[in-house]
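Novice: no FASTA, just this:
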Ligand code: BES
Ligand code: MN
Ligand code: ZN
């Protein structure tokens, strides 16, 4: 894929397709007007006939207009002019790229009017164009045996109009890396759980690291995990025929002495619930329970790809959660790597059990910040739905950093209140605490559990259960929150 910017002369630009915006009242956007005069007012005529209403998401492909070098013009709806903001721009751009991906058009120029710079500057224009292109071209790595539909023909996308070409160009470079990272995350998460096992995740991380000299991977197997005394992680894994793996990915882009950012991913390759077995409907979706792990692996490749000037460590706790004669039972007490004992009242609250040992492992890196990413609770989905991830932590500055990274990246999260009261429900008569605290406030009590293991660390937790994958017709991984994590790392690297 080739990305670039166009600067002037849309009519004579040598691309196959110009992407132009139309407002809802049938008004051509500024960029479209210049093209319209070059082709003798044909676009205006088309709109006057009422053939295109300019609604967000609508597109119309027009071919062979006179006076243009491009063979095609793709009109895309910008919605109401009065309410034209970043969101509408993004929607229009996304719809246009999706439409182009269904054609044999090999190159295009995005020439949509832009919302105010405050909302979308040159850098983010480039970022968005490249990320949306990646999204439009993504095809699920399915295991269908029929003839694969031909891949889209799109090879070249020019972004614009730009004020500062260098900033837009950097945005395109970063956006392309984010898109590539999202492909890694999506491919891993979309694979069936009989393929994507803990061992498979370890192999994939190893294979990715081979591409970058700056990226190292260490894999801990079961005996190593026993030596690390990861009793909670091992308790989850013990019911599965698939042995667990713990991955340590290290990217060194800063000085060796510099404290790293540690990203910790929940890698439950299948979550049946264990002995606290889940209901059958939708259980297949629990193959996405390793989305946090996939986002961590993806983010480390992104750091390496962009040669970010920081150190990043990725920790992935990969297990399968299954019921079995040897499986952990409600009432069992496990000892975590931190030495604290946990009464496992519900074996379906397994994410926090593997994360508590992973978070403890993070301490040895003396991290500047620790962020865990986990499809941790259904309660978070109930609280926030599918638009925002949940974010909580023990360091307000870090939480704010993630909130604003999410806004910039269009991959948002929302803070839930992690105050001490929530920890009270984790009391146990038999161990230091229980792994569940009842139904109410479930996203927060899960975080309160993790907080017990992150004292003294600057830590934040992203609950991505509602945003990492979609159900329904578009079933599959969304590739979130990789854009957010990318922004977080890029921002840290620029200081
Ligand atoms: N992986 C699930 C959380 C989840 C639910 C992710 C729905 C995506 C969609 C997690 O391991 C889990 O089962 N959590 C339990 C916790 C409960 C037992 C306290 C839940 O949310 O029901
Ligand atoms: Mn579970
Ligand atoms: Zn789970």
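Specialist: Cool, the structure landed. Because the structure is a prediction, the values reported are computed rather than measured. Residues are numbered from 1 along each chain as shown. Ligands and ions are numbered 1, 2, ... in the order given.
Novice: any idea of the pLDDT on the closest residue in space to residue 375 that isn't next to it in sequence?
Specialist: Nearest in space to residue 375, with sequence neighbours left out and distances taken as C-beta to C-beta, 6 or more residues apart in numbering, is residue 465 at 4.3 Å. From N, CA and C alone the C-beta is placed, and that goes for glycine too. On the pLDDT scale, residue 465 is placed at 98.
Novice: Quick check on residue 465: phi, psi?
Specialist: phi -60, psi -30 (degrees, to the nearest 10).
Novice: In this structure it contacts residue 380, no?
Specialist: Yes. Using C-beta atoms under 8 Å, residue 465 is in contact with residue 380, at 5.0 Å.
Novice: Could you pick out the residues of the stretch 251-400 of the chain near ligand 3 for me?
Specialist: Selection of the stretch 251-400 of the chain residues close to ligand 3 by C-beta under 5 Å from the ion yields 268, 271, 289, 351.
Novice: Now do the second one: how many residues are near it, please.
Specialist: By that I understand residue 271. When neighbours are counted by other C-beta atoms under 10 Å, residue 271 registers 25.
Novice: Contact partners for it?
Specialist: 278, 286, 289, 321, 348, 350, 351 (C-beta atoms under 8 Å, 6 or more residues apart in numbering).
Novice: Select from those residues every entry located in strands.
Specialist: Using DSSP state E, residue 321 are the members of those that sit in strands.
Novice: Against ligand 1, which of the contacts of residue 271 make the cut? List them.
Specialist: Subset of the contacts of residue 271 in contact with ligand 1: 289, 348, 350, 351, counting by C-beta under 6 Å from any ligand atom.
Novice: Compute the distance between the first one and residue 283, please.
Specialist: Going back to what we said before, that points to residue 289. Residue 289 is 11 Å from residue 283, where distance means C-beta to C-beta, to the nearest Å.
Novice: go on, the third one?
Specialist: Using C-beta to C-beta, we find residue 350 at a distance of 14 Å from residue 283.
Novice: Neighbour count: these two, which is higher?
Specialist: The neighbour count for residue 350 versus residue 283, taken as other C-beta under 10 Å, is higher for residue 350 (30 against 14).
Novice: Tell me how many other residues surround the residue in the chain positioned nearest to ligand 2.
Specialist: Residue nearest to ligand 2 within the chain: residue 348 (3.8 Å; C-beta to the ion). Applying other C-beta under 10 Å, we find 19 residues neighbouring residue 348.
Novice: all helices in this structure, in order from the N-terminus.
Specialist: Remark: helices assigned in the chain by DSSP state H are 30-38, 42-48, 86-101, 122-137, 165-190, 198-210, 222-227, 231-237, 291-305, 351-362, 378-384, 396-409, 442-451, 482-493.
Novice: Spit out the contact partners of the residue nearest to residue 406 when sequence neighbours are not counted.
Specialist: Take residue 406 and drop its neighbours on the chain: the residue closest to it by C-beta to C-beta, 6+ apart is residue 412, 4.1 Å away. Contact analysis of residue 412 by C-beta under 8 Å, 6+ apart lists 387, 388, 389, 403, 406, 484.
Novice: And these, which two are furthest apart?
Specialist: Farthest-apart pair in the contacts of residue 412 is 387 and 403; separation 13.9 Å (C-beta to C-beta).
Novice: returning to what we had before: in TSV, list the contacts of residue 271 along with pLDDT.
Specialist: Below are those laid out as TSV (pLDDT from 0 to 100):
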residue	pLDDT
278	98
286	98
289	98
321	99
348	98
350	98
351	98
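Novice: near ligand 1, which residues of the chain?
Specialist: Residues of the chain that fall close to ligand 1, judged by C-beta under 6 Å from any ligand atom: 271, 289, 346, 348-351, 375-379, 381, 436, 442, 465.
Novice: which among those residues end up buried?
Specialist: 271, 289, 348-351, 375-377, 379, 381, 436, 442, 465 (16 or more other C-beta atoms under 10 Å).
Novice: Give me the distance from stretch 88-108 to the chain's centre.
Specialist: Here stretch 88-108 is found 21 Å from its chain centre; the criterion is C-alpha atoms, centre = their mean, to the nearest Å.
Novice: Now for the closest residue to residue 457 other than its chain neighbours: which residues touch it?
Specialist: The spatial neighbour of residue 457 that comes closest, neighbours along the chain excluded (C-beta to C-beta, 6+ apart), is residue 370 at 5.1 Å. Contact analysis of residue 370 by C-beta under 8 Å, 6+ apart lists 261, 262, 263, 264, 359, 362, 454, 457, 458, 459, 460.
Novice: Repeat the analysis, applying 7 Å as the threshold.
Specialist: 262, 264, 359, 362, 454, 457, 458, 459 (C-beta atoms under 7 Å, 6 or more residues apart in numbering).
Novice: Name the residues of stretch 299-310 that are buried.
Specialist: 299, 300, 301, 302, 303, 304, 305, 306, 308, 310.
Novice: Next: stretch 438-445.
Specialist: 441, 442, 443, 444, 445.
Novice: Likewise for stretch 126-145?
Specialist: Neighbour-count burial for stretch 126-145 [16+ other C-beta under 10 Å]: 126-138.
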